[in-house]
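Participant: For reference, the sequence and a predicted model appear below.
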Amino acid sequence: MIHASFIRNFFPIESTSDFVKFFDAYLSEFGRECNLAFLSILVGFIENELIEIGSQLNLSTLDEVKCEDAKSFTYSFDNKGAFVKDISRKRRRSFPFTFSICFEDVESLYEKFASFILGLVPVTTDDLKCTSRDLLKLISNTVWNGLQRNYQKDRAHMQSVYSYLTTSRLDSFGVAFTVVAACQIVGLEDVHLTVSEDHVWVTFGDNDTAEVTWHGRGIEDRRGQPVDAGISDRLWLYLNGDAMVCDRFMEIASSIASINFSITEKIDSKVLIVMQQQLLWILYNKGYIDQYPTVLAHLGDLEDIEQTNNRFQAVDLYQAAIKSSFHFYNDAFIYPYIYLGKHCLRKNKPRDAFANWAKAAKVISRYSYSKEDEEAYRDFFEIAHQCIPDLLKLSDVKNDPICFCYLIQFMDGICLWEEGSQTPILHITWAQALTPCLLSFPFSTRSAVRFYTISDRNVDVNGNKQIPKDCSVDVLARVMSQTIFSPLFIVGAAPSPEKRQDPFKIKDKVALSIYSNKMCLLADILLAEKVAASAVSLQLTAQANPSGRRKVRSALPLDYINISRKKIKSVNSKPPSPVF
């Protein structure tokens with residue numbers, strides 16, 4: 001049901017502001033009854049119109065489009081076709097910037113989609129009580145069978161039901177969203193989109209899951225299969241079971257966030273960027289994306305480009321995304337940290353940038369790397385090869401032992417991600433980028449750091465921690481609080497997981513706990529006065545798991561449950577004392 005009598009009052013839609021007003025009113029009026037297919041068709045329609053106009057105008061950012069209420073704009077070009085603001089009238093050419101979308105056009109596309117789905121998917125009363133896997137697979141097959149057989153599936157502007165109806169093409173997200181929209185049409189209200197950071201599937205019935213689309217470049221048929229195998233294999237693609245199970249509002253938010261405003265690879269539509277920003281603020285103000293970390297981080301990026309809300313800075317939205325991930329999803333998301341780190345890079349805050357990338361690496365260390373993690377791999381590769389070298393060009397960074405600790409922590413997380421996986425990560429290209437970064441810190445900075453590594457050599461025959469004879473009361477309290485069976489842990493004296501891995505001070509040194517095999521072996525090398533680049537490079541590229549057998553690692557580098565069997569050993573000497 002599309003509530004035609006209400007919707008018709010907002011048509012024709014002749015500007016992005018018209019659609020923003022309709023979107024706000026539609027959400028307020030119908031809430032969870034909003035029709036996913038109709039909204040996706042309308043959003044895709046507007047996106048297609050604006051991208052087509054932008055392609056004809058060949059403008060880089062459509063900077064002259066400042067007022068979204070206007071229905072036409074005039075642009076000026078020089079004789080080479082480049083956009084300029086002040087040129088003589090003799091060389092000026094004008095182009096109209098108009099579009100008009102009638103209700104009948106959108107309605108006809110929706111009726112086409114509804115009749116197509118309802119004609120091929122028979123649904124009984126029993127089916128409406130609880131969705132079966134067979135019925136869900138039938139709907140998924142119906143959507144797949146409506147696609148072209150051969151086309152490039154990573155192109156832009158193929159994420160909406162509009163694209164499905166007009167071009168018979170969809171990207172990976174578009175297929176999953178269209179399946180959920182089709183389920184809504186046939187009356188299956190228990191089918192919802194489930195979203196990780198780079199994949200999407202559906203949840204239905206009693207928390208059952210099913211693949212309905214492909215991922216990445218491969219289109220192997222997984223339709224109807226549960227995602228349990230990916231979760232048990234600890235793949236980042238499935239976030240260890242902490243992915244977002246969307247409600248209707250979050251599904252609408254995912255559709256809005258998927259708007260692609262690229263006219264070409266290097267040219268974006270300013271009009272679409274502003275429209276998406278306004279729509280996301282509507283969702284934010286209604287509280288619909290409080291549990292959607294990636295959309296909050298994306299809105300932060302949009303505000304970082306051009307601030308439109310005086311109540312919030314971009315950093316506030318990044319922090320909200322991190323809190324949402326930590327509170328609702330066991331801190332399973334890497335991109336809020338990565339986005340905030342890049343924001344700090346742009347603001348020339350090197351220590352904060354290093355800290356957030358180290359936290360992103362800490363999160364990714366919970367997973368086992370696979371070839372399907374190419375998106376996360378690409379972003380960490382960019383940080384290691386471009387962002388970190390750029391940070392090290394800033395003054396005083398190389399003299400800051402805290403920055404050095406965060407760099408080690410970042411590398412430690414990547415090494416942990418690699419451990420236990422079938423595919424190596426740190427090949428020679430990584431070593432060529434990271435080795436100069438490590439060696440750019442002088443000995444005076446590196447010697448100000450004390451590393452602590454996990455070792456079983458300081459555990460007695462009964463698996464109990466051995467307390468050094470010379471340890472102070474503070475050190476004793478720290479060691480005792482590291483087990484969940486300790487009264488200190490129960491009353492909150494034990495540090496939380498995210499704080500345990502931050503650098504901490506011991507007298508005149510900065511201490512850091514490291515956990516990966518590679519970085520534990522590299523610690524002694526890095527603390528030497530003279531460090532051979534070849535030794536660092538060889539250690540970084542050493543095979544993490546020569547046998548190829550998978551290793552089982554805890555969800556956190558330092559597992560509270562098994563802490564009594566582990567011992568923090570200092571590379572230098574004494575164990576750490578707490579910092580209050």
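Facilitator: Cool, the structure landed.

Participant: which residues of this protein score low on pLDDT?
Facilitator: 1, 58-97, 217-221, 454-501, 544-580 (pLDDT under 70).

Participant: Nearest residue to the middle of it?
Facilitator: residue 335 (3.7 Å; Cα atoms, centre = their mean).

Participant: Please verify my assumption that that residue contacts residue 296.
Facilitator: No. Applying Cβ atoms under 8 Å, one finds residue 335 not in contact with residue 296, separated by 10.2 Å. Every residue, glycine included, has its C-beta placed from N, CA and C.

Participant: residues shared between the contacts of the two?
Facilitator: With contacts defined as Cβ atoms under 8 Å, 6 or more residues apart in numbering, the residues adjacent to both residue 335 and residue 296 are residue 321.

Participant: can you pull out the helices in the stretch 101-250 of the chain?
Facilitator: For the stretch 101-250 of the chain, the helices defined by DSSP state H, counting those that start in this stretch cover 103-120, 125-129, 133-145, 161-167, 172-186, 228-232, 248-257.

Participant: The fifth one: how far from the chain's middle?
Facilitator: What separates the centre of helix 172-186 from the centre of its chain is 22 Å, taken as Cα atoms, centre = their mean, to the nearest Å.

Participant: Equivalent analysis for the first one, please.
Facilitator: The chain centroid and the centroid of helix 103-120 are separated by 33 Å, computed with Cα atoms, centre = their mean.

Participant: Could you do the last one as well?
Facilitator: When C-alpha coordinates are averaged (Cα atoms, centre = their mean), helix 248-257 and its chain have centres 15 Å apart.

Participant: Out of the helices of the stretch 101-250 of the chain, which is closest to residue 449?
Facilitator: Residue 449 sits nearest to helix 228-232 of all the helices of the stretch 101-250 of the chain, at 36.7 Å, using Cβ to Cβ.

Participant: Show me what that closest one is packed up against.
Facilitator: Judged by 3 or more Cβ pairs under 8 Å, 6 or more residues apart in numbering; DSSP states H and E, helix 228-232 is in contact with no other helix or strand.

Participant: Convert that helix to CSV, retaining C-alpha atoms only.
Facilitator: The C-alpha coordinates for helix 228-232 follow below in CSV (Å, rounded to 0.1, in the frame of the first residue of the first chain):
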residue,chain,number,x,y,z
ASP,A,228,26.4,-19.1,10.3
ALA,A,229,29.5,-20.4,8.6
GLY,A,230,30.8,-16.8,8.1
ILE,A,231,30.2,-16.0,11.7
SER,A,232,31.9,-19.2,13.0
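
Participant: For the stretch 351-500 of the chain, just list every one of the strands.
Facilitator: With strands called from DSSP state E, counting those that start in this stretch, the stretch 351-500 of the chain shows them at 449-455.

Participant: all helices of it, in order?
Facilitator: Going by DSSP H, counting those that start in this stretch, the stretch 351-500 of the chain shows helices at 374-382, 388-391, 401-418, 428-439, 443-446, 473-480, 487-490, 497-500.

Participant: could those be laid out in CSV, adding distance to residue 10 and mean neighbour count?
Facilitator: Below are these laid out as CSV (distance: least, Cβ to Cβ, whole Å; neighbours: other Cβ atoms under 10 Å):
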stretch, distance to residue 10, mean neighbour count
helix 374-382, 37, 17
helix 388-391, 47, 19
helix 401-418, 48, 25
helix 428-439, 53, 17
helix 443-446, 61, 15
helix 473-480, 62, 16
helix 487-490, 57, 13
helix 497-500, 46, 13
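
Participant: Figure out which of those helices is closest to residue 327.
Facilitator: Closest approach to residue 327 among the helices of the stretch 351-500 of the chain is made by helix 497-500 (12.4 Å; Cβ to Cβ).

Participant: after the closest one comes which helix or strand?
Facilitator: As assigned by DSSP states H and E, the chain's next helix or strand after helix 497-500 is strand 504-506.

Participant: Next SSE downstream of that following strand?
Facilitator: strand 509-514.

Participant: what packs against that following strand?
Facilitator: Contacts defined by 3+ Cβ pairs under 8 Å, 6+ apart place strand 509-514 against helix 401-418, strand 449-455, strand 504-506.

Participant: strand partners of the shortest one, parallel vs antiparallel please.
Facilitator: Within its sheet, and counting by DSSP bridges, strand 504-506 is paired with strand 509-514 (antiparallel).

Participant: ok now the strand it pairs with, how far from the chain's centre?
Facilitator: Counting by Cα atoms, centre = their mean, strand 509-514 is centred 29 Å from the centre of its parent chain.

Participant: Helix 401-418 and that strand, what's the angle between them?
Facilitator: On the basis of axes from the mean of the first three to the mean of the last three Cα atoms, to 10 degrees, strand 509-514 is oriented at 10 degrees to helix 401-418.

Participant: Can I get the helices of the stretch 101-250 of the chain in CSV including distance to residue 434?
Facilitator: Compiled in CSV, these are given as follows (distance: least, Cβ to Cβ, whole Å):
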stretch, distance to residue 434
helix 103-120, 50
helix 125-129, 55
helix 133-145, 43
helix 161-167, 41
helix 172-186, 32
helix 228-232, 29
helix 248-257, 33
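
Participant: which of those is buried the deepest?
Facilitator: Neighbour counts (mean count of other Cβ atoms under 10 Å) averaged over each of these peak at helix 172-186, with a mean of 25.

Participant: helices or strands next to that helix in the packing?
Facilitator: helix 36-57, helix 103-120, helix 133-145, helix 161-167, strand 192-195, strand 200-204, helix 248-257.

Participant: Run through the residues that contact the closest residue to residue 46 other than its chain neighbours.
Facilitator: Sequence neighbours aside, residue 19 is the residue nearest to residue 46 in space, at 5.8 Å (criterion: Cβ to Cβ, 6 or more residues apart in numbering). By Cβ under 8 Å, 6+ apart, the contact set of residue 19 is 13, 42, 46, 275.

Participant: If we use 10 Å, what do you get?
Facilitator: Contacts for residue 19 (Cβ atoms under 10 Å, 6 or more residues apart in numbering) come out as 10, 13, 26, 42-43, 45-46, 68, 101, 275, 278-279.

Participant: Would you mind measuring from residue 328 to residue 301?
Facilitator: Look at residue 328 and residue 301: by Cβ to Cβ, to the nearest Å, they are 21 Å apart.

Participant: Equivalent analysis for residue 314, please.
Facilitator: For residue 314 relative to residue 301 (Cβ to Cβ), the value is 7 Å.

Participant: quick revisit: what's the distance between the residue nearest to the centre of the chain and residue 388?
Facilitator: From residue 335 across to residue 388, the span is 18 Å (Cβ to Cβ).

Participant: who's residue 193 bridged to?
Facilitator: Going by DSSP bridges, residue 193 forms beta bridges with residue 202.

Participant: ok, it touching residue 210?
Facilitator: No. The criterion here is Cβ atoms under 10 Å, and residue 193 misses it with residue 210 at 11.7 Å.

Participant: which one of these two has more residues nearby?
Facilitator: The neighbour comparison of residue 193 against residue 210 (other Cβ atoms under 10 Å) goes to residue 193, with 27 against 23.
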